[in-house]
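**Student:** what follows is a predicted protein model with its sequence.
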Amino acid sequence: TMDPDDAPYLCMSDTRCRLCQFALQEGDLVFARIEYERFSSVFPLRMRDTIHDNFEWVNYHTCGGRCMMAGRRVPFFHSNCLRFRLYAISDALLAAGEYTYEPPADEEHRRFTRTRRLLAPKLNDVLQIRLPPELLTTIAGLLVRECAIITSEQQSMGKSASDTLIDLSRDVYVSYPLWMACITNNHVSWVSPKHPTEIIDLRTLSRLNKHPQRLRMNSFSCNVKGTTGYTVATHGHSVAMIHAHGCDDDTRFYVEMDTSFPRAFLAHMPLDDGEYVTEICRRYALGPLDRPSVCLVFITNKGRNSLFGTSGPPDSCRALDQILAPAPDGSRIYYSACDSVLGKSIRYLAFKGIQSPIQRAFPPSLIPNSPFFWTQSNEPWFVSSCNMEGIVHVTLCRDVSVAHKPILGILLDYENGHRDCLGQFRYDKLLQKVRVSWHGTLEWWSSLRHSILRHTSAKGEFTNMAAPT
């Protein structure tokens, strides 16, 4: 018998149906396009898996993008969308649906709502009876994919796919845009036409001589006037996204963080009045199974040290590499978009005035004092702690979307104006302010399994875990 592993591998190019351009979900019935008008048998989608097609004698790797298999990338389709199409699928239609960037997390919802709103009143012209607006809206919602397919087919008819060279030094006008996310230069996509030209690799701390294909760079503003803090999405061994909070900050960025990185830990670093970041450092270590861990540490002019990642054993906390000293009056820092590099993490940074890294001592406040509940040697822990002297009130961040309404994090305000944070504090959840009078030191240890609090004072030590027997 022939071994299925010997069959050629085809990789799933992205997680959108190339016809309707809406997301493919786990369990959806799908087709894969092997070549022109040659498709797989229909099968239920299982993400990050390999599905063998015995009839076509190929393996479909549902990676949804780049992976180590290096198989030929092929588009997938909803089974109903492929059956609904009116014409053969052209190269122009396929090219139109192959994004070189990842749209914002709420773009699909906006597109669905906009299509439904435009389609609903037109149904009155084709139905034999008059229906109330709410029923028309419901019916229109069931036809959004079909409407998107017809529109895509009509717009691609008689057209060919081609690359066009654009002079970005002149005004650029785009007709019928859904949205414009980036400007491309030197094979790298940037969020702004004014950007630095040098990029460093966080793993090697060397400058890139050759840019990876389809590399996209996002950015955040550091130390600009009105900055009140930073929120960073981290997987523990790496950093995925950075957001700078302002005085009039909204909370829409949390939607993108939650959608793009559903298992990430959101670490928040508040700033006091007059506080700004003086150093951005790299913490490099080898985690369990010798997996490289590349995290970031922000250090401020008031001595605050914030590690955006998990705390390793004390022997991993030997030194930091200072890679940037941001200007006190503000600067823009660029970082690689996670969906444009392998590993789904920030691999590259770019900023003005790149200098050679400087090694500095590891801040003592970031060296973990492992409690007895360090239950597994390979379990990553996110650690935050604060001094409880002089606290005037705390703000509890509570998730009311689940039945037990857990407290995710705490923001602490001190009588001297200082602010500190424990756990995962986020401004899009229910916030409850309470007055307290505490003493000692409070630590919050978080892992993917549970969270543990440890309070140390003159009266002793207390945790929410039972002592070992």
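**Tutor:** Done, it's in.
**Student:** all strands for the stretch 101-250 of the chain, in order.
**Tutor:** 183-185, 188-190, 199-201, 215-222, 229-234, 239-245 (DSSP state E, counting those that start in this stretch).
**Student:** which residue is the nearest non-sequential neighbour of residue 222?
**Tutor:** Computed as CB to CB, 6 or more residues apart in numbering, the closest residue to residue 222 that is not its neighbour in sequence is residue 326, at 4.6 Å. Quick note: C-beta positions are derived from backbone N, CA and C, even for glycine.
**Student:** make sure the one you found is indeed in a helix.
**Tutor:** No: secondary structure of residue 326, determined by DSSP: H, G, I helix; E, B strand; the rest coil: coil, with no helix assignment.
**Student:** report the secondary structure state of the closest residue to residue 366 other than its chain neighbours.
**Tutor:** Setting aside the residues directly before and after it, residue 366 is nearest to residue 307 in space (CB to CB, 6+ apart), at 5.1 Å. Classification of residue 307 by three-state DSSP places it in strand.
**Student:** how about the secondary structure of the closest residue to residue 237 other than its chain neighbours?
**Tutor:** Closest residue to residue 237 apart from its sequence neighbours, by CB to CB, 6+ apart: residue 293 at 4.1 Å. Using three-state DSSP, the structure places residue 293 in strand.
**Student:** next one: the one 3 residues further on
**Tutor:** Under the three-state scheme (three-state DSSP), residue 296 adopts strand.
**Student:** who is the residue nearest to residue 366 paired with across the strands?
**Tutor:** With DSSP bridges as the criterion, residue 307 is bridged to residue 297.
**Student:** element containing residue 453, please.
**Tutor:** Assigned by DSSP states H and E, residue 453 belongs to strand 451-457.
**Student:** CA atoms of that strand as CSV?
**Tutor:** Output in CSV follows, covering the C-alpha atoms of strand 451-457 (Å, rounded to 0.1, in the frame of the first residue of the first chain):
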residue,chain,number,x,y,z
SER,A,451,-3.6,32.9,39.2
ILE,A,452,-2.1,33.0,42.7
LEU,A,453,-1.9,35.9,45.1
ARG,A,454,0.8,36.1,47.8
HIS,A,455,0.7,38.8,50.5
THR,A,456,3.8,39.3,52.7
SER,A,457,3.8,41.6,55.7
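**Student:** what's the average pLDDT for that strand?
**Tutor:** Strand 451-457 shows a mean pLDDT of 78.
**Student:** same thing with stretch 125-134?
**Tutor:** pLDDT averaged over stretch 125-134 gives 79.
**Student:** just stretch 267-277 next, same as before
**Tutor:** Mean predicted confidence for stretch 267-277 is 96.
**Student:** start to end distance for it?
**Tutor:** End-to-end distance of stretch 267-277: 16 Å, with CA to CA, to the nearest Å as the criterion.
**Student:** next, the buried residues of it.
**Tutor:** 267-272, 275-277 (16 or more other CB atoms under 10 Å).
**Student:** also stretch 54-72?
**Tutor:** Judged by neighbour count using 16+ other CB under 10 Å, the buried positions of stretch 54-72 are 56, 58-67, 71.
**Student:** in CSV: the residues you listed, plus secondary structure and pLDDT.
**Tutor:** Output for these, formatted as CSV (DSSP: H, G, I helix; E, B strand; the rest coil; pLDDT from 0 to 100):
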residue, secondary structure, pLDDT
56, coil, 87
58, strand, 90
59, strand, 90
60, strand, 91
61, strand, 90
62, coil, 90
63, coil, 85
64, coil, 78
65, coil, 67
66, coil, 62
67, coil, 70
71, coil, 74
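**Student:** between those, which sits nearest residue 138?
**Tutor:** residue 64 (31.0 Å; CB to CB).
**Student:** for the closest one, which non-adjacent residue is spatially closest?
**Tutor:** Counting by CB to CB, 6+ apart, the residue nearest residue 64 is residue 15, at 4.3 Å.
**Student:** contacting residues for that neighbour?
**Tutor:** By CB atoms under 8 Å, 6 or more residues apart in numbering, residue 15 lies in contact with 23-24, 47, 64-65.
**Student:** the next helix or strand after the strand holding residue 453 pairs with which strands, and in what direction?
**Tutor:** Next along the chain after strand 451-457, taking DSSP H and E as the criterion, comes strand 460-463. Note on strand 460-463: by DSSP bridges, its sheet partners are strand 451-457 (antiparallel).
**Student:** flag every buried residue along the partner strand.
**Tutor:** 451-456.
**Student:** mind listing the helices for the chain?
**Tutor:** Per DSSP state H, the chain carries helices over the ranges 79-84, 91-96, 107-123, 133-142, 144-156, 253-260.
**Student:** okay, those in JSON lines with distance to residue 241 next?
**Tutor:** Shown next, in JSON lines, are these (distance: least, CB to CB, whole Å):
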{"stretch": "helix 79-84", "distance to residue 241": "31"}
{"stretch": "helix 91-96", "distance to residue 241": "28"}
{"stretch": "helix 107-123", "distance to residue 241": "16"}
{"stretch": "helix 133-142", "distance to residue 241": "31"}
{"stretch": "helix 144-156", "distance to residue 241": "29"}
{"stretch": "helix 253-260", "distance to residue 241": "6"}
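**Student:** is it possible to get CSV of those helices that adds distance to residue 225 and mean neighbour count?
**Tutor:** Formatted as CSV, the helices of the chain follow (distance: least, CB to CB, whole Å; neighbours: other CB atoms under 10 Å):
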stretch, distance to residue 225, mean neighbour count
helix 79-84, 49, 16
helix 91-96, 42, 17
helix 107-123, 30, 15
helix 133-142, 44, 13
helix 144-156, 43, 17
helix 253-260, 20, 17
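**Student:** now do the nearest residue to residue 395 once chain neighbours are set aside: how many residues are near it, please.
**Tutor:** Of all residues beyond its chain neighbours, the one nearest residue 395 is residue 411 (4.3 Å), with distances taken as CB to CB, 6+ apart. Number of residues near residue 411 (other CB atoms under 10 Å) recorded here: 22.
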